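Engineer: sequence first, then the predicted structure, then my questions.
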Amino acid sequence: MRKVILTLLFVCAQSVSAQQTTVAVAANMKDAFAEIDAAFRATGKTQIRVVYGSSGNFAAQILNGAPFNLFISADERYPIELFQQGKTTDEGMVYAIGKLALIAKTSSGITLADNKAEIARAIVRANKVAIAKPELAPYGRAAVEYLKSEGLWDLAKNKLIYADNIGIATMYVVTGGADIGFTALSLAKSPEVAKETNFLLVNNKLYEPIKQRMVLIKGAPQEAIRLYQFMQSAQAKLILQKYGYTTP
């Protein structure tokens, strides 16, 4: 009996130690965060569980009790709403400022040039225009703001196809489901996307700055706190800058 109890205690201890810190990361951060995660683990830290998706969906899940420990959002609104609802330790901090890009499937024959007439021509030629759902994804919201500010909304609105997050919107273009689409500069520069598309960095004066904020969820374990701190390090900032983000 004593041996059985000891065995059960050992199994339970293993189960507890196997529990991982779970981090919700906005889809625009996929490539950059993969590199940050690798650098974090290289410091001798334990592996964390990373889930990518739309900031709006993550915020709703956290409000409903989803077991995330750290939320790395693509905007400020959702983290601040979570703080106001009493879900986070504080208001968190802005870790990066993102940039919106337009991509075109290379095989479509559409090339992008930095002027309104050429962008309008690209929209006319495109079969579909991919964006992330603006009610869920900050980069989708920025895309709508840009199209309206540039006077291209009426031209594009009937060609729009919406994705739950910016990663899926990007894949629509990569796979040819849409000839052109709006994405994060960080994703446009990733090897997988750059191999199939060309991109244009759009005028950032035509949409609200995409300030990306992160927050610790109440009760976050020490490993989540260490990652939160690592995201503020010079090493993490250099990685973010490499992927086209501006850092505070």
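Structural biologist: Received it, and whenever you're ready, just let me know what you need.
Engineer: how about the helices in this structure?
Structural biologist: 2-18, 30-42, 55-63, 77-84, 116-125, 138-149, 153-156, 166-174, 185-188, 191-194, 222-230, 234-242 (DSSP state H).
Engineer: ok, which of the ones you listed comes nearest I210?
Structural biologist: helix 138-149 (5.6 Å; Cβ to Cβ). (Glycine included, C-beta is placed from N, CA and C.)
Engineer: just how off-centre is the closest one within its chain?
Structural biologist: 16 Å (Cα atoms, centre = their mean, to the nearest Å).
Engineer: next: stretch 128-139.
Structural biologist: Per Cα atoms, centre = their mean, the centroid offset for stretch 128-139 relative to its chain is 12 Å.
Engineer: quick one: average confidence on that stretch?
Structural biologist: Stretch 128-139 carries an average pLDDT of 95.
Engineer: could you pull out the buried residues of that stretch?
Structural biologist: K128, V129, A130, I131, A132, K133, P134, L136, A137, P138, Y139 (16 or more other Cβ atoms under 10 Å).
Engineer: also stretch 91-99?
Structural biologist: G92, V94, Y95, A96, G98, K99.
Engineer: touching, the third one and M231? I think so.
Structural biologist: Yes - with contacts counted by Cβ atoms under 8 Å, Y95 reaches M231, the gap being 5.3 Å.
Engineer: what ranges in this structure fall below the confidence cut-off?
Structural biologist: Along the chain, segments meeting pLDDT under 70 span 1-19.
Engineer: report the contact partners of the nearest residue to T197 once chain neighbours are set aside.
Structural biologist: Excluding the flanking residues, the one nearest T197 by Cβ to Cβ, 6 or more residues apart in numbering is I103, at 4.3 Å. Taking Cβ atoms under 8 Å, 6 or more residues apart in numbering as the criterion, I103 is in contact with 112, 170, 173, 180-183, 188, 193, 197-200.
Engineer: just give me the closest of the residues you listed to Q212.
Structural biologist: T183 (14.8 Å).
Engineer: distance of that closest one from N203?
Structural biologist: Separation of T183 from N203 (Cβ to Cβ, to the nearest Å): 16 Å.
Engineer: so for the two, which residue has more residues nearby?
Structural biologist: Taking neighbours as other Cβ atoms under 10 Å, T183 and N203 compare with T183 leading, 31 against 13.
Engineer: wouldn't the more buried one be in contact with T170 here?
Structural biologist: Yes - with contact defined as Cβ under 8 Å, T183 counts as touching T170 (4.4 Å).
Engineer: what residues are shared contacts of those two?
Structural biologist: Common neighbours of T183 and T170 (Cβ under 8 Å, 6+ apart) are I103, V193.
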